[in-house]
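A.B. asks: Give the three-dimensional model of this entry:
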Amino acid sequence: MNAIPINVKRTGAQLAPDPTRVLLRSFTPGDVPRLERIVAGIMSMSESDVGPLLAAISAKFSGRHQQIGQLFKERFRQLREIASFDQDPSEQRQLLIGAYFVSEYSVESAALFNPSMVADPDQQGLPPGALRFVMSLRATGDGSISSIVFRTGIIHADHRIEVRAATCCIVEPSRIPNALYEKPLFERKILELGLTNEHTRRVMGRLGDSFTEQELQSTIETELKECSTPEGEKDRQDTAQRLSILAKSNCSVQFSSEQSVSERVIFPVTLSQRNGIEDARFVRFHNDDGTHVYFATFTAFDGQLGIPQLLQTSDFLLFRFATLNGPAVQNKGMALFPKKINGLYAMLSRQDSENIYLMFSDNVHFWYEPRILLKPVFPWEMVQIGNCGSPIETEAGWLVLSHGVGPVREYSIGAFLLDLDDPSKVIGRLREPLLKPILSEWEGNVPNVTYSCGALLHDGELFIPYGVSDYATRFATVPLDEVLAAMQ
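C.D. replies: Residues are numbered from 1 along each chain as shown. Below you'll find the model as predicted:
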């Protein structure tokens, strides 16, 4: 047992999956000929039938989707790019065609778990001693596809946690088509991926110091046309495709400020993410100039490989996706420190699915030399250990919540302490976990798991949101001084 008892309190709050929160997503039944047959059937309807049918569809689904007419219109625009139309449909018929090629997807019907909690950028209008927070969660729906959803809430002066109710309407962000890429950073990513060759050098040579994805694609097409010789054609096509994938994996998306935080969902948008965005670890990062930005490390899953990536925002409206590069970018569970240490970014990682590693870098996008920081020691963590979110700065040191896997693959949450100036030094560690699954938390998609992606320290109290057996989310609180006093 820990030498000094720790008073961990579980709250009564729980966030469970809600199947009513649905997205309207593109749906394409079959190939283009089949699509065109369906369109032909809609075109054969009389105009007098189109209006009532569209009105009935809109009335049925508009309560679940904001601006449903715009969604139908956008889907029709997409269809015009892949299918031929014998005549121009009326405005109402365009919307009806769009309605036939969308379907609802329940984002969190299966699970809502692995939360990460950070201070909200907006702290206006709160009573003394209160803190507003934003919490990200991993939501899974049909096919176990994971996305990021959000909740907001308030930690009150008496340490009571209030999570605001979520609305049923959820929306995806718009992709920003003219977002700029920085040429030096893009070229460095090309080098790290082993794509530097004569073709990529010519493509990059045609571009300015900054460029858009459209400019890159146009330059690639020009380069392919001008070098349209049979020799090396396959290599040029492969390189062009990988450049395009790299650009799409480093993109920006934007929500409207009219959409509340709980209405925003980040659904997989790139090929590397197509089977899920998993376990985002958000951290409020303090820049050298006194400003701050939010970073989130997450795992992009394409159905076969899990690849660590980075998400960045300052307001939870504009999000920038970025690939992480370097030999140390592997496995899951990367967690960024909330500020630079001795002029360098610092990151915890799990290189081998067993130990916790520490690494430093002069650029948040590139990571090279991981060093083992902590190995499993105690019975409850003997199988493997990892972090449960970014380190938290305290006067005593960097507090890190950890997860340990023990007998019967039970996941528990522990903690350890790192030196503030030299985090490679472990200066404290709990012998026993802070949280382990209790009887009411055993059941779920993955039984016997308590797991967090980031806790929040406020007013001397540690607030820990945690996933329950990969199904739902609960909360616990514990005084910081008790955790520190129990460290060995």
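A.B. asks: quick one: low-confidence parts of the stretch 101-250 of the chain?
C.D. replies: Residue ranges of the stretch 101-250 of the chain with pLDDT under 70: 228-232.
A.B. asks: same question, the stretch 351-488 of the chain
C.D. replies: Looking at the stretch 351-488 of the chain by pLDDT under 70, you get an empty list.
A.B. asks: Can you check which helix is longest in this structure?
C.D. replies: helix 233-249 (DSSP state H).
A.B. asks: next one: the helix or strand following that helix to chain centre, how far?
C.D. replies: Next along the chain after helix 233-249, taking DSSP states H and E as the criterion, comes strand 252-254. Put simply, strand 252-254 sits 13 Å off its chain's centre (CA atoms, centre = their mean, to the nearest Å).
A.B. asks: For strand 252-254, give me every contacting residue.
C.D. replies: By CB atoms under 8 Å, 6 or more residues apart in numbering, the list of residues contacting strand 252-254 from outside reads 172-176, 179, 266, 269, 317-321. In short, each C-beta sits where N, CA and C put it, glycine included.
A.B. asks: picking up where we left off before, give me the contact list for the longest helix of the chain.
C.D. replies: Contacts for helix 233-249 (CB under 8 Å, 6+ apart): 181, 186, 189-190, 193, 195, 197, 199-200, 203, 213, 216-217, 220, 223-224, 227, 270-272, 300, 309, 321, 323.
A.B. asks: So which bits of it are buried?
C.D. replies: 236, 239-240, 243, 246-249 (16 or more other CB atoms under 10 Å).
A.B. asks: Strands of the stretch 101-250 of the chain, start to end?
C.D. replies: Here the stretch 101-250 of the chain has its strands, by DSSP state E, counting those that start in this stretch, at 102-106, 111-119, 131-140, 146-155, 161-163, 174-175, 180-182, 210-212.
A.B. asks: Pick the most deeply packed of those.
C.D. replies: Among the strands of the stretch 101-250 of the chain, strand 111-119 has the highest mean neighbour count (mean count of other CB atoms under 10 Å), at a mean of 26.
A.B. asks: So what's the gap between that strand and the chain middle?
C.D. replies: Centroid displacement of strand 111-119 relative to its chain, using CA atoms, centre = their mean, is 11 Å.
A.B. asks: domains of this structure?
C.D. replies: 9-18+108-173+253-485, 22-106, 177-249 (automatic domain parsing).
A.B. asks: where's the second one relative to the chain centroid, distance-wise?
C.D. replies: Translated: domain 22-106. The answer for domain 22-106 is 30 Å, by CA atoms, centre = their mean.
A.B. asks: coming back round to it: from the buried residues of helix 233-249, which is closest to Pro433?
C.D. replies: Ser249 (36.4 Å; CB to CB).
A.B. asks: circling back to that earlier point, now, which of the contacts of strand 252-254 lie within helices?
C.D. replies: Per DSSP H, those never map to helices.
A.B. asks: Can you flag the buried ones in those residues?
C.D. replies: Using 16+ other CB under 10 Å, the buried ones in the contacts of strand 252-254 are 172-173, 176, 179, 266, 269, 317, 319-321.
A.B. asks: Would you mind giving the residues you listed as CSV with distance to Ile145 added?
C.D. replies: Converted to CSV, the buried ones among the contacts of strand 252-254 look like this (distance: CB to CB, whole Å):
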residue, distance to Ile145
Glu172, 13
Pro173, 17
Ile176, 23
Ala179, 25
Ile266, 12
Val269, 12
Leu317, 24
Phe319, 18
Arg320, 22
Phe321, 17
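A.B. asks: Burial check on Leu484, number of neighbours?
C.D. replies: By other CB atoms under 10 Å, the residues close to Leu484 number 18.
A.B. asks: go on, the one 3 residues further on?
C.D. replies: As a burial measure, the neighbour count of Met487 was computed by other CB under 10 Å and equals 20.
A.B. asks: List the contacts of it.
C.D. replies: Counted by CB under 8 Å, 6+ apart, Met487 has contacts 415-417, 427-430.
A.B. asks: what do you get for Val400?
C.D. replies: With CB under 8 Å, 6+ apart, Val400 has these contacts: 348, 387-388, 391-392, 415-418.
A.B. asks: switch to 6 Å and redo it
C.D. replies: By CB atoms under 6 Å, 6 or more residues apart in numbering, the contact list for Val400 reads 387, 391, 416.
A.B. asks: Phi and psi next, for the nearest residue to the last one once chain neighbours are set aside.
C.D. replies: In this case it means Phe416. In this structure, Phe416 finds its nearest non-sequential neighbour in Arg429, 4.2 Å apart by CB to CB, 6 or more residues apart in numbering. Torsion angles at Arg429 (phi, psi; degrees, to the nearest 10) stand at phi -160, psi 140.
A.B. asks: May I see the strands of the stretch 101-250 of the chain arranged in a markdown table, with distance to Ala59 as well?
C.D. replies: A markdown table is the format used below for the strands of the stretch 101-250 of the chain (distance: least, CB to CB, whole Å):
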| stretch | distance to Ala59 |
| --- | --- |
| strand 102-106 | 15 |
| strand 111-119 | 29 |
| strand 131-140 | 28 |
| strand 146-155 | 27 |
| strand 161-163 | 32 |
| strand 174-175 | 26 |
| strand 180-182 | 42 |
| strand 210-212 | 40 |
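A.B. asks: of those, which approaches Leu15 most closely?
C.D. replies: strand 111-119 (5.5 Å).
A.B. asks: elements contacting that closest one?
C.D. replies: With contacts taken as 3 or more CB pairs under 6 Å, 6 or more residues apart in numbering; DSSP states H and E, strand 111-119 sits against strand 131-140, strand 277-286, strand 461-468, strand 472-479.
A.B. asks: Turn these into TSV, including distance to Ser452.
C.D. replies: Below are these laid out as TSV (distance: least, CB to CB, whole Å):
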stretch	distance to Ser452
strand 131-140	11
strand 277-286	9
strand 461-468	4
strand 472-479	9
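A.B. asks: Out of those strands, flag the one nearest Pro5.
C.D. replies: strand 472-479 (11.1 Å).
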